[in-house]
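> When you get a sec, could you give me coordinates for this:
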Amino acid sequence: EYLRSLAARIGRNMEKDRIHIHGSVARRSSDHPNRIYVDAIAGVLIALGFLVVFLSAFLITNTLSALMARQVLQIGVMKTLGATRSQIILLYMALIAAFSAVALAISMPLSSSVSFWLLGFLSREINFQSQGYRVVPRADLLQIAVATLVSQAAGIIPILRGSRISVQEALSGIGAAEGEVHPGFFDRLGERVRRLPRPLLISLRNTFRSRVRLALTLVTLVMGGAIFIATFNVRDSLTQYIERLSLYFSADVSLTFDRPYRVDSVQAVASELQEVRVVEGWAGADAQLVMPDGSVRDNVDLIAPPGGSVLIQPILLSGRWIRAGEQNKITLSELWLERYPGLKLGDTIRLKVNNSTTSWEVVGFFQFAGKSAGLFAYTNYETLSRLTHLSNKAYAFRVAA
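Residues are numbered from 1 along each chain as shown. So this is what the prediction gives:
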């Protein structure tokens, strides 16, 4: 707010010297203009990280359940020699801790290397200065906590169940570590259906013998498949959305001149080429949003194709698109709904265009690129060219073959 007020005061002083201000941007020194892309990438990676941790917990639980079921005899021998239940629990918890330590020793340097490689790639792509490879204590502590706490929490339930078995049960081979077995559906099915092959009945019965382990196995497989599918869904969704955004730029050639030219003159020259199908002159202007108290708030990019343009196919969220011949009608991008939640169809906004304040009726909202595109809006060429005193002229032309 201080920076905005300072910029407004500087702007007023410059306008007194007849210097025209098109707009101003206030940003903290720590906010990179492309930070939203990094946040988006980080959000996807964090979501995948939580899913992987969740999946790993099920793998640990399932592995420990199978291990305790296989080592019933060993537990019975240890108890025969005087081992208490708490000692057996500590023994298996120490086993988990040992495996966690080995996994942590392997994963920490690898994850750190990959993370800084990704950071270096992003710094080159979106132009920020990386501090280079270094130790990040918060990240290291988080990895240590996940390796220590998640693994122990995932393994405690099967360890408690397995260590509860008595010496008599363990040495008799009952296998109470897998839980008490009750006749299930497939056991009853085998008693009633005589025509099914015996190996098939045995395999079905063994599959559903330990329902807890079966549930853990299914959840693990489902989670693994869900992560795999979700990753490719994000990729395909992003690709398809970029293709949808290309419908806003349907021209084959975009021409931008250093001064305005008459639209009909450019159309006549371009139409001499038999490959040219259509030529449109588009208007554009930098505007500023005027608040009810008269203060200037945000910069707005105004884009104005001619009425009935065939070189744009918008993605409408609500309302309608601009029609040919309309005056002072406007459609807004989806970012307006986030910054000004009370804005709705039929409302009037005021924009400062070419140093004059005009009123615009909102007739629609369209979807574009969210926060990355900033505040921008579409109106028709006839209205904007009149406000910028460039009737039948344009800087920008779009050509379709």
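> Would you tell me what helix or strand Thr358 is located in?
strand 356-367 (DSSP states H and E).
> and the helix or strand following that strand, what does it pack onto?
As assigned by DSSP H and E, the chain's next helix or strand after strand 356-367 is strand 376-378. Contacts defined by 3 or more CB pairs under 8 Å, 6 or more residues apart in numbering; DSSP states H and E place strand 376-378 against strand 296-304, strand 329-333. For glycine as for every other residue, the C-beta is placed from the backbone atoms N, C-alpha and C.
> quick one on the thing from earlier: the strand holding Thr358: which residues count as buried?
Neighbour counts over strand 356-367 (16 or more other CB atoms under 10 Å) mark Trp360, Val362, Val363, Gly364, Phe365, Phe366 as buried.
> Going by mean pLDDT, which of the helices and strands packed on strand 376-378 comes out lowest?
Among those, strand 296-304 carries the lowest mean pLDDT, a mean of 86.
> Give me the sheet partners of the helix or strand just after that one and which way each runs.
Using DSSP H and E, the helix or strand that follows strand 296-304 towards the C-terminus is strand 315-319. Here strand 315-319 has these sheet partners by DSSP bridges: strand 356-367 (antiparallel).
> Pull the residues that contact the partner strand.
The contact list for strand 356-367, computed with CB atoms under 8 Å, 6 or more residues apart in numbering, reads 290, 314-322, 326, 328-334, 336-337, 343-351, 377-379, 387.
> what does stretch 60-80 give?
So stretch 60-80 is contacted by 87-88, 92, 96, 150-151, 154-155, 157-159, 161-163, 165-167, 169-171, 173-178, 210, 212-213, 216-217, 220 (CB under 8 Å, 6+ apart).
> go again using 6 Å as the cut-off
Applying CB atoms under 6 Å, 6 or more residues apart in numbering, the contact partners of stretch 60-80 are 151, 154-155, 158, 162, 167, 170-171, 175, 177-178, 213, 216-217, 220.
> Quote the end-to-end distance of it.
28 Å (CA to CA, to the nearest Å).
> Identify each buried residue in it, please.
By 16+ other CB under 10 Å, the buried positions in stretch 60-80 come out as 60-69, 71-72, 75-76, 78-79.
> Same question for stretch 139-150.
Val146, Ala147, Val150.
> how distant is it from the center of its chain?
Put simply, stretch 139-150 sits 24 Å off its chain's centre (CA atoms, centre = their mean, to the nearest Å).
> next one: stretch 197-214
42 Å.
> How about stretch 281-288?
Using CA atoms, centre = their mean, the offset of stretch 281-288 from its chain centre is 31 Å.
> I'd like to check what contacts that stretch. Which residues are they?
Contacts of stretch 281-288 (CB under 6 Å, 6+ apart): 22-23, 263, 296, 299-300, 302-305, 351-353, 381, 384-385, 388, 394, 396-397.
> Any regions of the stretch 301-401 of the chain where pLDDT drops low?
371 (pLDDT under 70).
> Just the buried residues of stretch 60-80: which are in strands?
Using DSSP state E, no member of these falls within strands.
> and which of those is nearest Phe257?
Nearest to Phe257 among the buried residues of stretch 60-80, counting by CB to CB, is Ile60 at 65.2 Å.
> Need the buried ones from the contacts of stretch 281-288 selected in PyMOL.
Applying 16+ other CB under 10 Å to the contacts of stretch 281-288, the buried members can be selected in PyMOL as follows:
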select buried, resi 23+263+296+299+300+302+303+304+305+351+352+353+381+384+385+388+394+396+397
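> who's in contact with the nearest residue to Ile96 once chain neighbours are set aside?
Distances taken as CB to CB, 6 or more residues apart in numbering put Gly155 closest to Ile96, at 4.8 Å, once the chain neighbours are dropped. Residues in contact with Gly155 (CB under 6 Å, 6+ apart) are Ile60, Leu64, Ile96.
> Val150 too?
So Val150 contacts Ala57 (CB under 6 Å, 6+ apart).
> Which strand or helix spans Thr220?
Here Thr220, judged by DSSP H and E, is contained in helix 211-245.
> So what's the model's average confidence on the helix or strand just after that helix?
Using DSSP H and E, the next helix or strand after helix 211-245 towards the C-terminus is strand 253-262. In this model, strand 253-262 carries a mean pLDDT of 92.
> Partner strands of strand 253-262, with direction?
Strand pairing for strand 253-262, determined by DSSP bridges: strand 393-400 (antiparallel).
> circling back to that earlier point, between the buried residues of stretch 139-150, which is nearest Leu201?
Using CB to CB, the buried residues of stretch 139-150 come closest to Leu201 at Val150, 39.2 Å.
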